[in-house]
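Visitor: Using only what follows, build the 3D model:
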Amino acid sequence: MEKNPLEETMLFVISQTGWALRYAPEDIKNDFEVVLGAVAKCGNALQCASTKLRCNDEVVATAVHQMPTALQFALGGKNQSCEFLRMAGIFDNIKAYNPNKSKVVLSTRFSLGENTSTTATIFALLMKEHPYFKEDFNVYFPNAYDKNTSDPEWTNIGHECRGTFETCKMDDELKTGVPKEHECCWRDSYRYQLQRGVPMVQVSITTLMSKKVQMKKNRLQST
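Guide: From the prediction side, this is the model:
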């Protein structure tokens, strides 16, 4: 079937920029080859693809290789999949940490959701690649680990859970020992990491363009 001139022009622009996918009709946003080419040019074009293709392994992998922060637009749980977190450069196997290095624990807002700011992810990536931190520290980025919560709203600062055995409402077996991926409360997990790593680096985001970093915080704040 012959394409009309307008569609041909649109496909050409998408192939050159990637971002132009946002202006395409739904059938083009669901075209595997077109979308794959778009995210290869601009990873963040993943957010404009169809729901089906935002769950596609090859499309997500291509987007993440081009732009690590594009992972936030992956669906089907892939935004917190160990495989894709590794591709993005933000997942570390805690068990493989170098015992001779100190651990830096980042305090950040969640940054892997579709409508979240990518500032924390960018900060973590830059910190992991910085020669000083890369040489002497294990950098723990909490957003890269999939956890549960006893707080129905997840981040309600007024919720009673403070990550302690007494305040967390998760089952007792989930509040002792090493936190279990996918099951433990994120506040409990975070407190566990803080107790075993110093300093804490807090990234406080006031706008998308400004941030403040405070070193060596000695208290846990729920955010």
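Visitor: and T121, how far is that from A24?
Guide: 27 Å (Cβ to Cβ, to the nearest Å). Using the backbone N, CA and C atoms, a C-beta is placed for each residue, glycine as well.
Visitor: no wait, F110
Guide: Taking Cβ to Cβ, one finds F110 at 30 Å from A24.
Visitor: between these two, who's got more neighbours?
Guide: Each of F110 and A24 has its neighbours counted (other Cβ atoms under 10 Å); A24 has more, 22 against 16.
Visitor: list the contacts for the more buried one?
Guide: A24 is in contact with 10, 14, 34, 48, counting by Cβ atoms under 8 Å, 6 or more residues apart in numbering.
Visitor: Please repeat the previous calculation with a cut-off of 7 Å.
Guide: By Cβ atoms under 7 Å, 6 or more residues apart in numbering, A24 lies in contact with 10, 14.
Visitor: One more: D92?
Guide: Applying Cβ under 7 Å, 6+ apart, no residues qualify as near D92.
Visitor: cool, the one 3 residues further on as well?
Guide: The contact partners of K95, taken as Cβ under 7 Å, 6+ apart, number zero.
Visitor: Also H159?
Guide: H159 sits next to 151, 153 when contact means Cβ under 7 Å, 6+ apart.
Visitor: now it: how far from F137?
Guide: 31 Å.
Visitor: just C168 next, same as before
Guide: 28 Å.
Visitor: helix/strand/coil for V104?
Guide: When classified by DSSP: H, G, I helix; E, B strand; the rest coil, V104 comes out as strand.
Visitor: Who is it paired with across the strands?
Guide: Per DSSP bridges, the residues bridged to V104 are V139.
Visitor: burial of it, as a residue count?
Guide: Neighbours of V104 using other Cβ under 10 Å come to 20.
Visitor: Kindly report the same for the one 10 residues further on.
Guide: Counted with other Cβ under 10 Å, residues neighbouring E114 total 11.
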